[in-house]
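Asker: predicted model and sequence below, questions to follow.
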Amino acid sequence: MVAGGSASVRAQEARRHERELREQLLAAQREARRWEAASEGERKVAAQLLMLTGRGWRLLVDRRWPGTRSANVDMLLVGPGGVFVIDVKNWQAPPGAAEGHLTAGRQRRDGEIGKLLAVTRLAEAAVAALGMSPVAVQPVMVFAGRSFTGELGRVRLLGEREVGPALLAERARLTPPGVRAVADHLAQVFPAYESSALPEEHPGAHGVAPGAPAEALFDLDGLCEAAVAAARGGPIEQWMTFLHPAQLALVRRNWSGPARVSGPAGTGKTVVALHRAAHLAQRTTGRILYVTFASNLPRVQRTFLRTMSPAVADRVEFRSLHAWAQCFLDERGIPHNLHGGKAEDAFSRAWLHLGRHSVLASLDPSPGYWHEEIDRVIKGRGITRFEEYATLRRHRRRTNLRRPHREAVWALYEEYERVRIRRGVHDFNDILALALAEARARPGRSPYVAVIADEVQDLTLVGVRLLHALVGDAPNGLLLVGDGQQAVYPGGFRLSDAGIDVRGDRGQILRTNYRNAKEILGAALAVVADDAFDDIDGTRTAGLREVDLTYHGGQVLRSVCRTPAEHDRALLAALRERGEPTWPDSAVLCRSRRETAHYQHLLDRAGIPQCSLDRYDGRPVAAVKVGSYRRAKGLEFAHVYLPDHAPPPGPGPTDEDIAGERAELERTQLFVAMTRARDTLWLGAVRRTP
């Protein structure tokens with residue numbers, strides 16, 4: 001009886017909703033008839049857009065539309081998905097169809113597209129005053145009486161039947177108060193446009209209380225706070241592309257040459273870089289290259305840009321630097337044979353022959369440190385003569401190597417090169433060196449108008465020189481994004497070593513942390529407080545940096561256990577206590593691949609879905625992400641779990657040795673992992689007896 005009653009109520013609700021929709025459609029059609037000169041198709045498009053205003057959208061219509069050749073673009077539509085600059089056409093075919101290939105057709109098309117883009121740029125400049133990113137403004141050409149979807153450069157092409165559903169499906173960027181504020185601001189900037197709307201469905205339906213003071217809707221600070229709150233309330237993937245209005249100026253800035261954006265963890269450097277890529281793609285016809293060191297990040301960033309600005313996503317190429325360099329060599333016909341395993345074996349043989357009985361073994365008998373010295377210091381900096389290495393300042397390498405040690409390193413390097421070359425294989429540094437030589441030998445053949453390097457502090461000097469060679473010192477050509485405090489690989493460089501000058505206003509430092517809760521950031525900074533570091537611009541910076549905070553919620557949870565088994569049970573309990581709905585926004589981060597595999601198996605056995613960061617591509621997934629500290633670089637999570645994290649001891653007064661250097665690098669890696677957390681940081685530990 002109850003079930004039947006519920007069905008009856010649902011049927012009544014459905015009939016009521018259907019009546020309301022029919023009434024709204026009739027009202028929209030009556031409103032659209034005001035434009036008497038419009039064709040029937042144009043009036044249908046207008047009625048469909050007017051229907052959206054009943055849901056809280058705002059429509060501004062050119063008073064001169066339709067019927068005059070001097071008219072501007074027909075409409076400005078503001079909704080949760082942003083600002084849509086809309087031109088309605090009665091053409092027999094969309095651009096690109098048969099008529100578009102004729103000279104007259106192309107001229108007509110190009111003229112109309114140019115007009116649409118011109119108004120779009122004006123709208124972008126107008127909403128920039130409200131802190132909106134350019135990716136939130138989209139040009140749309142709608143074809144009355146047609147069914148069509150497509151793109152022409154940045155312009156989205158939609159048919160009459162597709163326009164409403166397509167705009168409704170757009171990712172939400174604006175809160176209801178934001179829609180009103182933006183629409184009213186555009187009405188002032190574009191006085192030739194008048195507001196046209198249907199009554200909203202019911203007062204307060206879109207997040208504004210009835211009777212709320214009008215000024216509350218147009219307060220910029222309030223809009224910013226509402227936008228931040230809305231972004232934090234959505235999936236973590238949506239938060240990771242949220243651009244704070246205060247960062248917009250960097251996205252739109254014109255730089256006279258290479259530029260750098262730096263700043264502490266959580267200040268939004270990657271978000272600025274992604275929006276910058278979209279901004280440049282909207283304003284140029286060439287390709288944009290966006291590179292990182294980590295191989296997993298390009299997949300994530302490609303997804304983010306495609307979600308933010310699908311019209312230009314295909315013109316931004318996301319690659320890890322080494323993967324890009326291999327493709328570059330293939331395109332140029334440069335032979336290469338990258339084989340990491342055989343290169344590793346070549347070094348092992350060189351170590352057995354020359355290293356293990358040399359003076360190097362007195363400093364560290366294991367080969368790992370000396371492999372890093374060759375990989376990150378000698379080959380990573382493109383050094384080919386011992387005289388260069390003998391006097392080189394080894395950035396981010398604290399161990400003092402006297403001349404006998406450097407001579408032994410150089411002998412090991414030369415033996416490694418002999419074995420490697422005899423085997424006919426290249427290592428990763430060779431691939432970058434070959435690409436750099438090719439780029440310098442044939443300047444001016446780069447297909448890119450701009451290059452953006454994210455997490456630049458993890459690249460080698462040769463890698464940065466390669467990126468610089470692609471675009472040189474062209475205005476807006478090279479943007480380097482990163483923070484020296486988050487360098488998780490040994491070795492380093494200065495930008496001046498690469499011939500790159502970012503002094504003055506071309507070196508921008510972000511100082512406001514939008515990601516981390518206060519308690520989380522405090523715990524992370526405590527780990528590196530005593531570790532001063534050399535940034536890539538040559539400045540010496542204290543480990544405990546001053547950061548402006550915007551987020552004071554969140555928490556740090558600590559669990560110290562007696563045994564590894566007890567620790568693992570505590571981790572599972574913490575995940576279950578927070579609840580299954582939080583798992584898609586959670587990550588378990590580990591120090592090594594071995595530990596990563598252990599915790600993946602632990603979650604599998606416990607029935608908790610998990611997704612490896614090696615496979616994560618930036619799309620929401622109903623699983624806990626699991627990966628290493630390094631794989632988490634450039635990513636964010638609402639909740640981070642660090643099992644058995646064991647922070648290394650802080651530096652001592654005589655820690656200028658390999659052990660002290662390793663401990664410092666481990667503290668940096670732990671700091672990076674901790675600062676991936678936005679709301680919750682769980683720190684697990686096992687109390688080990690001496």
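Answerer: The structure has been received and is ready for your questions.
Asker: can you say which helix or strand has Thr668 in it?
Answerer: If you go by DSSP states H and E, Thr668 is part of helix 658-674.
Asker: so after that helix, what's the next helix or strand?
Answerer: strand 677-686.
Asker: need the residues that contact that next one.
Answerer: 232, 236, 239, 515-517, 520, 523-524, 551, 553-564, 566-567, 570-571, 574, 578, 636-646, 674 (Cβ atoms under 8 Å, 6 or more residues apart in numbering). All C-beta spots, glycine's among them, are computed from the backbone N, C-alpha and C.
Asker: which of those residues fall in strands?
Answerer: If you go by DSSP state E, these have 555-561, 637-642 in strands.
Asker: just name the closest of those residues to Leu52, please.
Answerer: Taking Cβ to Cβ as the measure, Leu52 lies nearest Ala638 of the ones in strands among the contacts of strand 677-686, at 31.6 Å.
Asker: surely the closest one meets Gln238?
Answerer: No - counting by Cβ atoms under 8 Å, Ala638 stays clear of Gln238, with 11.2 Å between them.
Asker: quick one: contacts for Trp578?
Answerer: Quick fix: residue 578 is Arg, not Trp. Ser586, His639, Thr680.
Asker: neighbours of the closest residue to the first one other than its chain neighbours, how many?
Answerer: This points to Ser586. Using Cβ to Cβ, 6 or more residues apart in numbering and skipping residues adjacent in sequence, the residue nearest Ser586 is His639, 4.2 Å away. As a burial measure, His639 scores 24 neighbours (other Cβ atoms under 10 Å).
Asker: residues contacting His639?
Answerer: Contacts of His639 by Cβ under 8 Å, 6+ apart are Arg578, Thr582, Asp585, Ser586, Ala587, Ala677, Arg678, Asp679, Thr680, Leu681, Trp682.
Asker: and it, how far is that from Glu580?
Answerer: 12 Å (Cβ to Cβ, to the nearest Å).
Asker: isn't Val359 right next to Arg403, touching?
Answerer: No - applying Cβ under 8 Å as the test, Val359 and Arg403 come out as separate, 10.5 Å apart.
Asker: those two: which is more packed in?
Answerer: Under the criterion of other Cβ under 10 Å, the comparison of Val359 against Arg403 puts Val359 first, with 14 against 9.
Asker: separation between Ala517 and Glu372?
Answerer: 35 Å.
Asker: neighbour count winner among those two?
Answerer: The residue with more neighbours, out of Ala517 and Glu372, is Ala517; 22 against 17, by other Cβ under 10 Å.
Asker: what about Val88, helix or strand, and which?
Answerer: Counting by DSSP H and E, Val88 is found in strand 82-89.
Asker: which pLDDT value belongs to Asp110?
Answerer: pLDDT recorded at Asp110 is 79.
Asker: which residues in the stretch 1-150 of the chain form helices?
Answerer: Remark: helices assigned in the stretch 1-150 of the chain by DSSP state H, counting those that start in this stretch are 2-32, 40-53, 103-128.
Asker: and the last one with strand 82-89, angle?
Answerer: Orientation of helix 103-128 against strand 82-89 (axes from the mean of the first three to the mean of the last three Cα atoms, to 10 degrees) gives an angle of 160 degrees.
Asker: distance between helix 103-128 and the chain's centre?
Answerer: Relative to its chain's centre, helix 103-128 lies at 28 Å (Cα atoms, centre = their mean, to the nearest Å).
Asker: ok, which stretches of the stretch 151-300 of the chain are helices?
Answerer: So, for the stretch 151-300 of the chain - with DSSP H, counting those that start in this stretch - the helices run 163-168, 176-189, 220-233, 236-239, 248-252, 269-283, 297-308.
Asker: can you redo the ones you listed as a markdown table with mean pLDDT, distance to Leu50 and mean neighbour count?
Answerer: Output for the helices of the stretch 151-300 of the chain, formatted as a markdown table (pLDDT from 0 to 100; distance: least, Cβ to Cβ, whole Å; neighbours: other Cβ atoms under 10 Å):
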| stretch | mean pLDDT | distance to Leu50 | mean neighbour count |
| --- | --- | --- | --- |
| helix 163-168 | 84 | 10 | 18 |
| helix 176-189 | 88 | 14 | 20 |
| helix 220-233 | 71 | 25 | 16 |
| helix 236-239 | 88 | 29 | 20 |
| helix 248-252 | 90 | 31 | 18 |
| helix 269-283 | 94 | 28 | 25 |
| helix 297-308 | 94 | 28 | 21 |
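Asker: minimum distance to Leu479: which of those helices has it?
Answerer: When those are compared for distance to Leu479 using Cβ to Cβ, the nearest one is helix 269-283, at 6.3 Å.
Asker: tell me which other helices or strands the closest one touches.
Answerer: helix 248-252, strand 259-262, strand 287-292, helix 297-308, strand 316-320, strand 448-454, strand 478-481 (3 or more Cβ pairs under 8 Å, 6 or more residues apart in numbering; DSSP states H and E).
Asker: can I get the ones you listed in TSV with distance to Ser195?
Answerer: Output for these, formatted as TSV (distance: least, Cβ to Cβ, whole Å):
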stretch	distance to Ser195
helix 248-252	26
strand 259-262	39
strand 287-292	37
helix 297-308	28
strand 316-320	36
strand 448-454	38
strand 478-481	39
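Asker: of the ones you listed, which is nearest Arg173?
Answerer: helix 297-308 (9.2 Å).
Asker: which other residues reach the closest one?
Answerer: Under Cβ under 8 Å, 6+ apart, the answer for helix 297-308 is 135, 171, 237, 240-241, 270, 274-275, 277-278, 290-292, 312-313, 316, 318-320, 323, 454-455, 616-619, 633-635.
Asker: again, only using 6 Å
Answerer: 135, 241, 274, 278, 313, 316, 318-320, 617-619, 634 (Cβ atoms under 6 Å, 6 or more residues apart in numbering).
Asker: same deal with stretch 523-535?
Answerer: So stretch 523-535 is contacted by 395, 484-485, 540-544, 556, 647, 650-651, 664, 667, 670-671, 674-675 (Cβ under 6 Å, 6+ apart).
Asker: mind giving me the PyMOL select for those, buried ones only?
Answerer: Filtering the contacts of stretch 523-535 down to the buried ones (16 or more other Cβ atoms under 10 Å) takes a single PyMOL command:
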select buried, resi 395+484+485+541+543+556+647+650+651+664+667+670+671+674+675
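Asker: so what's Ile288 closest to, chain neighbours aside?
Answerer: In space, Ile288 is closest to Val316, 4.5 Å off (Cβ to Cβ, 6+ apart).
Asker: what's near enough to touch that neighbour?
Answerer: With Cβ under 6 Å, 6+ apart, Val316 has these contacts: Ala277, Ala281, Ile288, Tyr290, Leu305.
Asker: end-to-end on stretch 395-403?
Answerer: 17 Å (Cα to Cα, to the nearest Å).
Asker: residues in contact with the closest residue to Glu237 other than its chain neighbours?
Answerer: Using Cβ to Cβ, 6+ apart and skipping residues adjacent in sequence, the residue nearest Glu237 is Pro620, 5.4 Å away. Taking Cβ under 6 Å, 6+ apart, we find Pro620 in contact with Pro235, Glu237, Pro584.
Asker: can you put the residues you listed in JSON lines and add distance to Ala249?
Answerer: Shown next, in JSON lines, are the contacts of Pro620 (distance: Cβ to Cβ, whole Å):
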{"residue": "Pro235", "distance to Ala249": "27"}
{"residue": "Glu237", "distance to Ala249": "25"}
{"residue": "Pro584", "distance to Ala249": "33"}
